[in-house]
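Participant: Next comes the sequence, and after it the predicted model I'd like to discuss.
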Amino acid sequence: MTKADKYLADDIRNILENGYMDENPRPKYEDGTPAHTISVNHVTRKYDLSKGEFPISTLRYQAWKTGIREIFTIYQHPTNVISEMEELGVTWWNPWDIGDGTIGQRYGATVARYDLVENLIADIKKDPYGRRKIMSLWQEQDLRETAGLAPCAFLTIWNVRGRYLDMCMIQRSGDMLTASGAGGINEIQYAALLMMIARSTGYEAGVFTHFVANEQIYDRHTENAHEMLRRYEEAESKEKDKTSDLPKLILNGEMGKDFKSFVMDDFVMENYEPMKPQLKFELGI
């Protein structure tokens, strides 16, 4: 099992045992029913990529390539146009179309407007030990300008530590079992972003820390939550007999490679053997 699997099992138990039910939720299921959640506040997870602690869960398959492609659409070739996201292989944004084929002045559009990536990379190279290396997708002007889903994972903070680049990611809200949980899409993609920024600035990827202010399990996901706990407990009982290596994401390319030149084929996932069958989750939109 991975470190993320252990985090995820603990977090599922915590929400099921100690979580609170929301009131008057904004999201709705496809049939129009309010999508209630059970939540806890202030969840933190920490991984050291330099020690092989890549954040990916094996309790169900994670679409890690699509997650990294979404990072390309936000930070590398930033866009808010849904058709352009689909061309890059990201197909899950249609429910958040604001009516003009975009997701509004959000995510990639914000990155492009404020040159967030270019400014970050320049600052890391010019002033490595400065403590102002922040990329924020939460820009009040942008949020007021158009409709659209407010950014969930919205803030990254970067610090150089010797030969390592560390990063923490702040998330205001997270659907734990589909995206924001331990070893889920959000952690996979932001760990990959750390790897790309580190490589392009001449550092090794170091510590990745993820903070979720409010993490939830949707009421229609509780059956899957119990199934993931069952899978964890089964795997835990067999772990002492397991000798295979842990999953690891490899980024090819020389040190100092230009950030915009990375492509999907530069990433290779080793030793990833998720449990089957895949679980399906009804989304609250």
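Facilitator: Cool, the structure landed.
Participant: Which residue ranges of this protein form strands?
Facilitator: 20-21, 37-48, 134-136, 153-161, 164-171, 174-175, 204-218, 248-251, 267-270 (DSSP state E).
Participant: and those strands as a markdown table, adding distance to residue 2, mean neighbour count and mean pLDDT?
Facilitator: Where you see a C-beta, it was placed from the backbone N, CA and C, and this is true even at glycine. Below are the strands of the chain laid out as a markdown table (distance: least, CB to CB, whole Å; neighbours: other CB atoms under 10 Å; pLDDT from 0 to 100):
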| stretch | distance to residue 2 | mean neighbour count | mean pLDDT |
| --- | --- | --- | --- |
| strand 20-21 | 29 | 10 | 98 |
| strand 37-48 | 9 | 18 | 98 |
| strand 134-136 | 27 | 16 | 98 |
| strand 153-161 | 20 | 19 | 98 |
| strand 164-171 | 18 | 21 | 98 |
| strand 174-175 | 19 | 22 | 97 |
| strand 204-218 | 14 | 21 | 98 |
| strand 248-251 | 10 | 16 | 98 |
| strand 267-270 | 12 | 14 | 98 |
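Participant: Could I get those in JSON lines, plus columns for distance to residue 1?
Facilitator: Shown next, in JSON lines, are the strands of the chain (distance: least, CB to CB, whole Å):
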{"stretch": "strand 20-21", "distance to residue 1": "29"}
{"stretch": "strand 37-48", "distance to residue 1": "14"}
{"stretch": "strand 134-136", "distance to residue 1": "32"}
{"stretch": "strand 153-161", "distance to residue 1": "25"}
{"stretch": "strand 164-171", "distance to residue 1": "23"}
{"stretch": "strand 174-175", "distance to residue 1": "21"}
{"stretch": "strand 204-218", "distance to residue 1": "18"}
{"stretch": "strand 248-251", "distance to residue 1": "14"}
{"stretch": "strand 267-270", "distance to residue 1": "16"}
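Participant: for the ones you listed, which one sits closest to residue 85?
Facilitator: Closest approach to residue 85 among the strands of the chain (CB to CB): strand 153-161, 15.9 Å.
Participant: Starting from the closest one, tell me which strands it pairs with and how they run.
Facilitator: In the sheet, strand 153-161 lines up against strand 134-136 (antiparallel), strand 164-171 (antiparallel) (DSSP bridges).
Participant: Distance to residue 18 for these - can I get that in TSV?
Facilitator: Compiled in TSV, the strands paired with strand 153-161 are given as follows (distance: least, CB to CB, whole Å):
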stretch	distance to residue 18
strand 134-136	30
strand 164-171	20
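Participant: The closest residue to residue 209 other than its chain neighbours pairs with what?
Facilitator: The shortest distance from residue 209 to any non-neighbouring residue, by CB to CB, 6 or more residues apart in numbering, is to residue 168 (4.0 Å). Taking DSSP bridges as the rule, residue 168 bridges to residue 157, residue 209.
Participant: Can you check which of the strands of the chain gets nearest to residue 182?
Facilitator: strand 37-48 (5.5 Å).
Participant: That closest one pairs with which strands?
Facilitator: strand 20-21 (antiparallel), strand 204-218 (antiparallel).
Participant: Throw the ones you listed into TSV and include distance to residue 273, thanks.
Facilitator: As requested, the strands paired with strand 37-48 are exported to TSV (distance: least, CB to CB, whole Å):
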stretch	distance to residue 273
strand 20-21	36
strand 204-218	22
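Participant: that older thread, how about the strands paired with strand 153-161, which one is nearest residue 42?
Facilitator: Across the strands paired with strand 153-161, residue 42 has its closest neighbour in strand 164-171 (11.2 Å, CB to CB).
Participant: So which residues make contact with the closest one?
Facilitator: Strand 164-171 is touched from outside by 50, 124, 152-160, 180, 186, 190, 193-194, 197-198, 201, 203-213, with contacts defined as CB atoms under 8 Å, 6 or more residues apart in numbering.
Participant: do the same with stretch 27-47
Facilitator: Residues outside stretch 27-47 that contact it (CB under 8 Å, 6+ apart) are 3-4, 7, 11, 14-16, 18-22, 24-25, 53-55, 175, 182, 187, 191, 207-220, 222, 282-285.
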